[in-house]
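1. Show me the folded form of this:
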Amino acid sequence: MKRSKPFYIFGVLIMCICMLIAAFVCLTGPLKETRERHEQNLWKAVFESFDWETFPWETFPFEKVEDFPWEELPWEEIPWEEVPEIFPWDKVPLDEMPWEELPETFPWEDYPWDDLPEDFDWNDVPWDKMPEDFDWGELPWDKMPEDFDWGELPWDNVPEDFPWEDVPPDKLPEDFDWNSVPWDDLSEDFDWNSVPWEDMPEDFEWNNVPWEDMPEDFEWNNVPWEELPEDFDWNSVPWDEMPEDFDWNSVPLDKMPEDFDWNNVPWDALPDDFDWNKIPLEDMPDDFDWNSVPWNDLPENFPWEKVPWNDMPDDFDWSSIPWQDLPEDFPWEDIPWGDMPPEFWQTFPWQDIPPWMFLVLPWALIHPEYVPDGILPDWFYPDEWECDHEYITDWQVVSLPDCVHDGEERNLCVKCHKVVIKTTPATGIHDFGSDHICRVCDIRRLVVMSVSQSAEYDGKTLHADEVEIVAEESALIAGHTLVRSNITYTGSNFFGKALNRFEFAGAPVIRDAAGNDVSAMYSVEIEFGILEITAREITITTKDRVKKYDGEPLVGQMDDIETTDLAEGDYIGDVIFGEGLTDVGRRTNEIISFRIFNRAGEDVTSYYIIKTEFGKLRVTR
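-> Residues are numbered from 1 along each chain as shown. Next up, the predicted model:
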C-alpha cells in the first residue's frame, strides 16, 4: 500500500526538528562554560583596576545583578561607610566582615544570624552598636559558644522584652550588674535555678526578686539566707510552700524583724533536726496561732521553758500538749492550772502520765470526780482537794471585823470532818474615842474643812480657796502641819448656796516639824463649807419720749432703757414695750417684759432684785 503524500511530509518535518534539538544540546554546554569563564575574567579585570572610592554605591542595582562574582570582590578596599541600605551583607564572607566598621545602615534585623556556622566567633560582633529597636530575641542565644564573652553585651540598654530565659546566668561575668535584671518581668521559661544566688554581690537588691512567684522546682536551699541584708522583706518568701528537703536550719529565724508574720511558717513541716532554739517563742506576737505548733511531734531538745504558758490565748488547745512525754525539767510552775476549763481535766491523759507528775499537779484545783478510779498510786493521796462542805450547825463567830482586822467564823463539815474557817474582810472604819484617836489602831482623826463665804452676784465664779482643820474634831499633834499646796478648789457660779468643794492631788500629806512625812498616823476626813451667791439689786428706767401727732403710734425704743449696776458682761434682752400712743395725750413708757442674760447667753434674770421707773410717752397737737 502506498503512503499518502501528506503523511510523508509530516514525517520528514518531525525528523528535522529532532536533529535540531540534538545539535543545540551538544553545542550549548561548552558555550555556557566558555561564557562564564569569560565573564569571570572580565569581572576580575574590572575589580583589579576599579576605583572603589568612586563606585556609585547609592545607585548601583545590587538586587538586579545576577551571577555577580561576590567572591572576587577586594573586600579590604571597600569604603563600608558608603554602602547603601540595599547592600547584600549576607554575601560578605564572615572572615571579611568589617564588624568594627559597620555603618549605621547595617541591617541588624535582617542579617541571617540563625544561619551562621558553628565556628563563627560571636565575640567579633560590636554589641555596643546595636540599635535601640533591635529584636534581641532574633539571636540564637542557645548556640553561643563556651568562650562567648557575655560581659560585652550592653546590659544597661537591653529592651524590656529581652529573652533572659535564653541567657545562661552562670556564664555572666563577675562584675555583672545583677540589679539590672528585670526580675518581675522575666518570662515563665526563665530558669531561676541557674542564677548563682550564693555569689550575689553585696549591693544586690534582694527585695526586687519576686519570691512569691518562684516555680515549684526552685532550689530554695541555694539562697544564702544567713547573708541577706537587714532590710530584706522576709514576709515576701512563701514559707508555707517550702519543699520537703528545705534546710530550715539555714534560715536565721532568730534574727527576724518585728513585723515578721510567724503564722506563715509551716510548723508541722519542720524537720526533726530543726533547731527550735532559733525561734523567739517568748516574744511571739499577740496574733500568733499557738495551735499551729505540732506539740506532739517536737524534738527532745525543744525549749519548753521559752514558751509563755501564762499568755496563751483563750482558744489554745491544752489537750494538744503531750503531758505524758514532757521532760523532767519542764516548767510545771509556769502552767496556768487555775485557768484550765473543767473539760481539760476530763480529757487529761491520766492513764499515761508518769508517777512523778502526781507530785506537781495542782490537786487543789482538780475535782476528785475528774480523776478515774485506780489512777492514784497507793503511796499518794492528795490532801489538797476541796470538799463540797455540808454543815448542820450555824457558823460560830470567833471575831468581828474592824478597821484593820478581818473577822473570822468557823464551822464543822459533816463530810470531811474538817474545821472550815470563813473570813469577813476588814471594814476600814475606825472607832474613834472622844480624843479622836482610834481605839483599835491608834490612827488619829483629822477633819479638814473648806471655809464658807457669801457674796453678791457679779457674773464671776465665787472662790474661797482656803481650808481649815476643825480642831474640836481632830487630834493633830503639835508641830504637825497639813500640806496645802496639793489642794485644788472648784468654786461656784451657782446662784444660791453650794458646797465649797476641794480635793487633794493624791493622798493628803502631813509633815512634822522636821519635814518628815507622818501621813500614816492620820485618817483624813473632808468636809465642805458653803459658798452662797446672793441677788444683786438694780433699777431699770425708761426715758420720756415726745412727738407731734402724725397718726402713727409713739412706742418705746431700746435706747430708752437705762439700768444701774448690771454685772460685768450681762445685758438686757427680749424686751417687749407696752401699748404705744397714737392720739394726743400721755401714757407710761412701760416695759411689759424682759430678761437679763450673761455673756454666755444664759438667763440670769433671777439673780437680780429689780426695781423699775418708767418715763412718759406724750403726743402733742
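
2. mind listing the helices for this protein?
-> Counting by DSSP state H, the segments of the chain that form helices are 5-49, 342-346.

3. Count the neighbours of Glu282 for me.
-> The number of residues packed near Glu282 is 11, by other CB atoms under 10 Å. Heads up, the C-betas are built off the backbone N, CA and C, glycines and all.

4. My error: substitute Trp234 in the last question.
-> 19.

5. got it, and the one 4 residues further on?
-> Pro238 has 13 neighbours, counted by other CB under 10 Å.

6. Identify the residues contacting it.
-> Pro238 is in contact with Trp211, Glu212, Met214, Asn264, counting by CB atoms under 8 Å, 6 or more residues apart in numbering.

7. what about 7 Å?
-> Going by CB atoms under 7 Å, 6 or more residues apart in numbering, Pro238 touches Trp211, Glu212.

8. And the residue nearest the centre of this structure?
-> Asp259 (7.8 Å; CA atoms, centre = their mean).

9. The helices of the chain: lowest mean pLDDT?
-> With a mean of 50, helix 5-49 has the lowest mean pLDDT of the helices of the chain.

10. Wait, Trp206 touches Leu228, no?
-> Yes. Using CB atoms under 7 Å, Trp206 is in contact with Leu228, at 5.7 Å.

11. domain parsing for the chain?
-> Per automatic domain parsing, the structural domains of the chain span 444-534, 536-620.

12. The first one - what's its average pLDDT?
-> Along domain 444-534, the predicted local confidence has a mean pLDDT of 94.

13. How far away from the center of its chain is it?
-> Centroid separation for domain 444-534 versus its chain: 52 Å, with CA atoms, centre = their mean, to the nearest Å.

14. What is the end-to-end distance of it?
-> 38 Å (CA to CA, to the nearest Å).

15. same question, stretch 534-547
-> So stretch 534-547: terminal residues 42 Å apart, CA to CA.

16. Any chance you could list what contacts it?
-> Here stretch 534-547 has contacts from 454, 456-457, 554, 556, 560-567, 589, 591, 607-620, using CB under 7 Å, 6+ apart.

17. Show the buried residues in these.
-> 457, 554, 556, 560-561, 563, 566-567, 589, 591, 607-608, 614-615, 617-619 (16 or more other CB atoms under 10 Å).

18. about what we covered before: now render the domains of the chain as TSV, adding distance to Pro327.
-> Listed next are the domains of the chain as TSV, based on distance: least, CB to CB, whole Å:
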stretch	distance to Pro327
domain 444-534	50
domain 536-620	73
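
19. Looking at those, spot the one closest to Trp239.
-> Minimum separation from Trp239 across those (CB to CB) falls at domain 444-534, 52.3 Å.

20. count of neighbours near Phe204?
-> There are 18 residues near Phe204, going by other CB under 10 Å.

21. for Trp80, same thing?
-> Neighbourhood size, Trp80 [other CB under 10 Å]: 18.

22. Kindly report the same for Trp197.
-> Number of residues near Trp197 (other CB under 10 Å) recorded here: 20.

23. swap in the one 10 residues further on?
-> Residues contacting Asn207 under the criterion other CB under 10 Å number 14.

24. same deal with the one 4 residues further on?
-> For Trp211, the tally of surrounding residues (other CB under 10 Å) stands at 19.

25. Trp234 is in contact with that one, correct?
-> No. The criterion here is CB under 7 Å, and Trp211 misses it with Trp234 at 9.6 Å.

26. and Asp315, what pLDDT?
-> 87.

27. swap in Trp304?
-> So, for Trp304, pLDDT stands at 87.

28. do you know how far the closest residue to it other than its chain neighbours is from Ser319?
-> The spatial neighbour of Trp304 that comes closest, neighbours along the chain excluded (CB to CB, 6 or more residues apart in numbering), is Phe330 at 5.3 Å. Noted for Phe330: a distance of 16 Å to Ser319, by CB to CB, to the nearest Å.

29. Same drill for those two, tell me which one is more crowded.
-> Phe330 (16 against 13).

30. For that one, give its distance to Thr620.
-> Where Thr620 is concerned, Phe330 sits at a distance of 113 Å (CB to CB).

31. Same check on Trp309?
-> Going from Trp309 to Thr620 by CB to CB gives 103 Å.

32. hang on, Val524 packs against Val447?
-> No. Using CB under 7 Å, Val524 makes no contact with Val447, being 8.0 Å away.

33. Backbone torsions only: list them for the residue nearest to the centre of the chain.
-> phi -90, psi 10 (degrees, to the nearest 10).

34. Tell me the predicted confidence for the nearest residue to it once chain neighbours are set aside.
-> Nearest non-adjacent residue to Asp259, counting by CB to CB, 6+ apart: Asn235, 7.1 Å away. In this model, Asn235 is scored at 88, pLDDT.

35. first to last residue in stretch 434-445, what's the distance?
-> Rule used - CA to CA; the end-to-end distance of stretch 434-445 is 11 Å.

36. Show me what counts as buried in that stretch.
-> His436, Ile437, Cys438, Ile443, Arg444, Arg445.

37. And the contacts of it?
-> 402-404, 430-433, 473-475, 521-523, 525.
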